[in-house]
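In: coords below, sequence missing:
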């Protein structure tokens, strides 16, 4: 009996594992700013959101995916990261030349929950079982190699001053839910999200350190 | 059986010869670019940057790093040779119902002469290939300037690019800069500049910002009545008292049409008593707008391939 209970718990954890969010890099950004009051990321979907979206489309399909959008190509802004902080604790200004490198990252990034999976084996990630074509997500960029560009600046950091370099940017976000059918039978469901990176730019802030 | 093998071999040789010839000399391939605004100020020994274009086939030398012999930027009356640093295929995309290869050319420039300035409002990038063919691509405004920073009492405390959306994608609408007078005498700010003719600072709209910088704030909420067209009004008198720090909002104007701004430097001309100073910073804000998004397709201009 004990073994059976343990087995059930293990299986439950395995099932719960498949419901976890499979996320891309954009979800590691420091901030993602959505303009609309009702806009939200897939990771913030509640059970009620899922139920509502699934109920929007109650017709069963013979074969393939039935999808319902929550957001489609909604502009989003983000703060990606604070590149680094320099502190001048000395008595004289520091005049230094800094190099920033734009990092390699996929232009189109995907997240999924439930039984929707992400295939990361190719040059570009894609949703499994043909969900990509069902969502008409023919990415404008089919692949992306290493993108690297160096920006060089001369900058002076005064005494008792801290320097921040922050990366901001914009992108487009689409998300929703999908249900997969085989012979009118629902064989899987979950949430999907597509983030398309559009631009990145830098902010530089010098801040007086409190002594 | 032997005859079939011979025919197959002949076909393969034919395909090989055709492929080789087509790579050696191509006139049917098409190249395209989005003319935009490139302003590079250089205070160090060299500057690296990238220039993007599209090619409709990867069966040519246009996509091959080793096929490039030299690169230059050409204006009506001058030529600026660049150091070729590399060529990469960024991706494929659909432009005007056609599959295109997005190419990124890496180049650098180093100056030996102080105060050198190259300016072209409608520049062409010439890529010379080893087979004696040249791809000429319109790249828009191209400015390269070498400068030495003058030592003065103006200190920059922060700068934020204010990004925005026009009909053709995302680009910069201006910036916010916080400046500090590190002296015992007042400073008068005379002019803010981008160094660009196509994207100048909208002088009449430059002002002290009533609101502190907040990320994601549109320029329309910082500048009442913001329009991208150049205002006729002169710049207000802006003074920084000794030890004073103020935040300024500096909107851009787009002359003729909105173009994509790739990078821009910061130039502030100011005066303290009878002494004039210029504060400059190269590449302060870096904008990595994607040139080839769907909204920008009307901006695509064909390049020319010639011998």
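Out: Nice, thanks for sending it over. The shown structure was predicted, so the numbers you read here are calculated from the model rather than taken from an experiment. Numbering: from 1, shown residues only, chains lettered A, B, ... in the order given.
In: okay, helices next: where are they in chain B?
Out: B:2-24 (DSSP state H).
In: point me to the residue of it nearest chain A.
Out: For chain B and chain A, the shortest gap (Cβ to the nearest Cβ) falls at residue B:91, measuring 3.9 Å. C-betas here are computed from N, CA, C, even on glycine.
In: my guess is that residue contacts residue B:103, does it?
Out: No: under the criterion of Cβ atoms under 8 Å, residue B:91 makes no contact with residue B:103, lying 9.7 Å away.
In: quick one: contacts for residue B:111?
Out: Neighbouring residues of residue B:111 by Cβ atoms under 8 Å, 6 or more residues apart in numbering or on different chains: B:42, B:46, B:146.
In: make sure the first one is actually in contact with residue B:143.
Out: When you say that, I think you mean residue B:42. No: at 10.8 Å, residue B:42 and residue B:143 do not qualify as touching, with contact defined as Cβ under 8 Å.
In: in stretch B:55-74, what counts as buried?
Out: B:55-57, B:60-63, B:67-68, B:71-74 (16 or more other Cβ atoms under 10 Å in any protein chain shown).
In: what's the longest strand in chain B?
Out: For chain B, the strand with the greatest residue count under DSSP state E is strand B:79-95.
In: low-confidence ranges, the chain, go.
Out: I'll assume chain A. A:1-20, A:23, A:84-85, A:96-97, A:99-106, A:121-124, A:136-154, A:211 (pLDDT under 70).
In: not quite, go with chain B.
Out: If you take pLDDT under 70 as the line, chain B has these spans: B:1, B:14-27, B:96, B:112-115, B:149, B:168, B:284-290, B:295.
In: ok, now which ones touch the spatially most central residue of it?
Out: For chain B, the residue nearest the mean C-alpha position is residue B:38 (2.6 Å; Cα atoms, centre = their mean). With contact set as Cβ under 8 Å, 6+ apart, residue B:38 has these partners: B:49, B:51, B:123, B:139, B:140, B:141, B:142, B:143, B:262, B:263.
In: which of the residues you listed sit farthest apart?
Out: B:123 and B:263 (15.1 Å; Cβ to Cβ).
In: surely residue B:301 meets residue B:139?
Out: No: with contacts counted by Cβ under 8 Å, residue B:301 stays clear of residue B:139, the gap being 9.5 Å.
In: so these two - more neighbours on which side?
Out: residue B:139 (25 against 12; other Cβ atoms under 10 Å in any protein chain shown).
In: my guess is the more buried one contacts residue B:73. True?
Out: Yes: Residue B:139 is within contact range of residue B:73, at 7.1 Å (criterion: Cβ under 8 Å).
In: between those two, what contacts are shared?
Out: B:123, B:124, B:125.
In: go through the residues you listed and flag which are in strands.
Out: B:123, B:124, B:125.
In: what is residue 108 paired to in the beta sheet?
Out: Picking chain A for this. Going by DSSP bridges, residue A:108 is paired in beta bridges with residue A:196.
In: look at chain B instead
Out: residue B:48, residue B:83.
In: what's the neighbour count on it?
Out: Other residues near residue B:108 come to 13 when the count uses other Cβ under 10 Å.
In: that one reaches residue B:46, doesn't it?
Out: Yes: counting by Cβ under 8 Å, residue B:108 does reach residue B:46; the two are 5.3 Å apart.
In: overlap in contacts of the two?
Out: In contact with both residue B:108 and residue B:46: residue B:83, using Cβ under 8 Å, 6+ apart.
In: re earlier: other SSEs contacting the longest strand of chain B?
Out: With contacts taken as 3 or more Cβ pairs under 8 Å, 6 or more residues apart in numbering or on different chains; DSSP states H and E, strand B:79-95 sits against strand B:46-55, strand B:68-74, strand B:98-110.
In: so what's residue B:261 bridging to?
Out: With DSSP bridges as the rule, residue B:261 is bridged to residue B:37.
In: quick one, what contacts it?
Out: Residue B:261 makes contacts with B:36, B:37, B:39, B:171, B:172, B:196, B:199, B:252, B:287, B:289, as judged by Cβ under 8 Å, 6+ apart.
In: check residue B:82 too.
Out: Residue B:82 neighbours (Cβ under 8 Å, 6+ apart): B:71, B:72, B:73, B:107, B:108, B:109.
In: any figure for the gap between it and residue B:199?
Out: Distance of residue B:82 to residue B:199, given as Cβ to Cβ, to the nearest Å: 22 Å.
In: likewise residue B:110?
Out: Distance from residue B:110 to residue B:199, by Cβ to Cβ: 26 Å.
In: helix, strand or coil for residue A:51?
Out: helix (DSSP: H, G, I helix; E, B strand; the rest coil).
In: and for residue A:113, nearest residue in space, chain neighbours not counted?
Out: Spatial nearest neighbour of residue A:113, chain neighbours left out: residue A:191 (4.2 Å); criterion: Cβ to Cβ, 6 or more residues apart in numbering or on different chains.
In: longest strand in chain A, by number of residues?
Out: Longest strand in chain A, counting by DSSP E: strand A:63-88.
In: measure stretch B:145-161 end to end?
Out: 21 Å (Cα to Cα, to the nearest Å).
In: tell me if it is near chain A.
Out: Yes: applying Cβ under 8 Å from any Cβ of the partner chain, one finds stretch B:145-161 touching chain A at B:149, B:155, B:156, B:157, B:158, B:159, B:160, B:161.
In: any of those residues buried? List them.
Out: For the residues of stretch B:145-161 next to chain A, a neighbour count by 16+ other Cβ under 10 Å gives the buried set as B:155, B:156, B:157, B:158, B:159, B:160, B:161.
In: farthest pair within those residues?
Out: Maximum distance among those (Cβ to Cβ): 19.4 Å, for B:155 and B:161.
In: now do the helices in chain A.
Out: Counting by DSSP H, the helices of chain A are A:2-18, A:47-56, A:131-134.
In: ok, and what's touching stretch B:49-58?
Out: In contact with stretch B:49-58 (Cβ under 8 Å, 6+ apart) are residues A:149, B:29-34, B:38, B:40, B:62-63, B:89-90, B:93, B:95, B:98-109, B:125, B:135, B:137, B:139, B:262-263, B:291-292, B:300, B:303.
In: what's the answer for stretch B:299-307, then?
Out: So stretch B:299-307 is contacted by B:26-27, B:29-35, B:53-54, B:95-96, B:132-138, B:168, B:259-260 (Cβ under 8 Å, 6+ apart).
In: and residue A:58, how many residues sit next to it?
Out: 7.
In: for residue B:260, which non-adjacent residue is spatially closest?
Out: Among residues not flanking residue B:260 along the chain, residue B:36 sits closest, at 3.9 Å (Cβ to Cβ, 6+ apart).
In: ok, now which ones touch the one you found?
Out: B:139, B:140, B:141, B:259, B:260, B:261, B:262, B:291.
In: let's go with 6 Å and repeat that
Out: B:140, B:259, B:260, B:262 (Cβ atoms under 6 Å, 6 or more residues apart in numbering or on different chains).
In: also residue A:94?
Out: Residue A:94 makes contact with A:88, A:157, according to Cβ under 6 Å, 6+ apart.
In: any idea how far it is from residue A:204?
Out: Residue A:94 sits 14 Å away from residue A:204 when distances are taken as Cβ to Cβ.
In: try residue B:12
Out: Counting by Cβ to Cβ, the gap from residue B:12 to residue A:204 is 59 Å.
In: comparing these two, which residue is more hemmed in?
Out: Neighbour count, other Cβ under 10 Å: between residue B:12 and residue A:204, residue A:204 has more, with 23 against 10.
In: what is the neighbour count of the residue lying closest to residue A:207 once chain neighbours are set aside?
Out: Spatially, and ignoring its direct neighbours in sequence, residue A:207 is nearest to residue A:162 (4.7 Å; Cβ to Cβ, 6+ apart). The tally of other residues near residue A:162 (other Cβ under 10 Å) stands at 16.
In: ok, what's across the strand from residue A:162?
Out: Going by DSSP bridges, residue A:162 forms beta bridges with residue A:87, residue A:207.
In: so it makes contact with residue A:209?
Out: Yes: applying Cβ atoms under 6 Å, one finds residue A:162 in contact with residue A:209, separated by 5.3 Å.
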